[in-house]
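S.K.: Need coordinates for the below:
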Amino acid sequence: MIIKEIELFKGIDHEVMNEIANICSEKSYAKGTVIFEKDEEANRLYILVEGTVKLKITNGGTLTYSLTDLGDIFGWSCMVESGRYTASGVCATDLKAIEIKREALDKIFNLHPHAGIKVFKRLAGVFSKRITNSYQDLLSARITETSPSYG
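M.R.: The predicted structure follows:
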């Protein structure tokens with residue numbers, strides 16, 4: 001998989017893309033592997049190459065978001081100030097992902113802030129899509145097909 005084809009990085013200057021490509025490494029994980037835990041220090045960004053990863057949030061109940069598409073981003077918490085993963089990342093199948101270390105990416109964006117702004121705008125789109133999907137799921141769960149009770 002070529003990092004330059006990923007939506008998150010489209011339109012980034014060629015020189016900057018080469019710098020980003022140089023800090024990427026492809027990793028393989030077995031089904032059932034926990035890549036990161038909720039509330040753990042977020043120090044890596046992942047880009048799905050092959051397989052399915054489930055992002056799980058447990059707090060009384062469990063909310064699961066599955067990623068299956070080539071180029072899906074997970075572990076984005078490493079790119080925000082909190083620096084803690086907001087979900088656990090668990091391999092639902094054998095998985096291949098591109099891993100980018102937070103510190104290395106931060107250095108590139110500090111040197112090339114215009115590229116960082118483009119990436120963060122695209123990342124905001126990822127957040128927006130996931131939040132919208134979560135809202136729709138929550139609203140769907142609240143819909144009931146029962147008649148009102150009048151006492």
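
S.K.: Roughly how far does Val16 sit from Ile108?
M.R.: Plainly put, Val16 is 7 Å away from Ile108 if you go by Cβ to Cβ, to the nearest Å. Just so you know, the C-beta spots here come from the backbone N, C-alpha and C atoms, and that holds for glycine as well.

S.K.: Spit out the residues that contact the two alike.
M.R.: Jointly contacting Val16 and Ile108 under the rule Cβ atoms under 8 Å, 6 or more residues apart in numbering are Ala115.

S.K.: Against which helices or strands is the longest helix seen in the chain packed?
M.R.: The residue-count maximum for a helix in the chain (DSSP state H) belongs to helix 113-142. Other helices and strands packing on helix 113-142, by 3 or more Cβ pairs under 8 Å, 6 or more residues apart in numbering; DSSP states H and E, are strand 61-67, helix 102-111.

S.K.: Name the residues of it that are buried.
M.R.: Residues of helix 113-142 classed as buried by neighbour count (16 or more other Cβ atoms under 10 Å): Ala115, Gly116, Lys118, Val119, Arg122, Leu123.

S.K.: between those residues, which is closest to Tyr65?
M.R.: Distance to Tyr65, by Cβ to Cβ, is smallest for Leu123 among those, at 15.7 Å.

S.K.: Could you verify my assumption that the closest one touches Met79?
M.R.: Yes: between Leu123 and Met79 a contact is recorded at 6.3 Å, counting by Cβ atoms under 8 Å.
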